[in-house]
Structure formats: structure tokens, C-alpha cells
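Participant: fold the following, please.
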Amino acid sequence: MSLLASVDSEHMIVFSPKGELKHTVTVFTDIDCGYCRQLHREIAEINDLGIEVHYLFYPRTGRDTESWEKADKVWCAADRHTALTK
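Facilitator: This is a model prediction of the structure:
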């Protein structure tokens, strides 16, 4: 079993398609990364294609940084989907 397969989806933020699930993609994301933000702006279109997106946080600047704190706030939010999107 791969290391990634051993990570339970409860430890991810998952955006699922409303229709048929065709593919799953796991994304290591940094809230302050422009490319990551662009991908997330397109999440509805990605889901419409039947692709489920599993997010794992990867603040590139490391611990005790602004990116880390933002990721922590999203993870601790009552509605992680909305918090990540904002």
C-alpha cells in the first residue's frame, strides 16, 4: 500500500462531484500559492467533470508562518469547505 493511500479522507478536505465519480485527485495545497488558488477557483468545473478533489495542506513556508496559521484556521473551521474557499 502506498503512503498516500494510507491517509484517511477524514484528514483531508474533500470536494466531491454531485454526479458520477469518475476520478479522484489528491492535491497538496498551500493557501498562499497562486496556482493552488487558481485550481480551487475552478473546483466546481472540476467536480462537474466527475472528479473528486482531496486536499492536504502543505504550507511551503513551514511552521509558525502566516500560511501555516491560515491552513490551521481552515482546518479548525466548522465548515472547512467554505473556509478554504474564502
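Participant: just the terminal-to-terminal distance for stretch 76-86.
Facilitator: Length of stretch 76-86, first residue to last, Cα to Cα, to the nearest Å: 14 Å.
Participant: what sits up against stretch 59-69?
Facilitator: 30, 31, 32, 33, 70, 71 (Cβ atoms under 8 Å, 6 or more residues apart in numbering). Where C-beta positions appear, they are placed from N, C-alpha and C, glycine not excepted.
Participant: and those, which of them are in helices?
Facilitator: 70, 71 (DSSP state H).
Participant: will you turn the contacts of stretch 59-69 into TSV that also has pLDDT and neighbour count?
Facilitator: Listed next are the contacts of stretch 59-69 as TSV, based on pLDDT from 0 to 100; neighbours: other Cβ atoms under 10 Å:
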residue	pLDDT	neighbour count
30	96	18
31	93	21
32	94	16
33	95	16
70	95	17
71	95	21
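Participant: any weak-confidence spans in the chain?
Facilitator: For the chain, applying pLDDT under 70 flags the ranges 1.
Participant: quick one: the strands in this structure?
Facilitator: For the chain, strands defined by DSSP state E occupy the ranges 13-15, 23-29, 51-57.
Participant: just put those strands in JSON lines and tack on distance to residue 84 and mean neighbour count.
Facilitator: Converted to JSON lines, those look like this (distance: least, Cβ to Cβ, whole Å; neighbours: other Cβ atoms under 10 Å):
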{"stretch": "strand 13-15", "distance to residue 84": "6", "mean neighbour count": "18"}
{"stretch": "strand 23-29", "distance to residue 84": "8", "mean neighbour count": "15"}
{"stretch": "strand 51-57", "distance to residue 84": "7", "mean neighbour count": "19"}
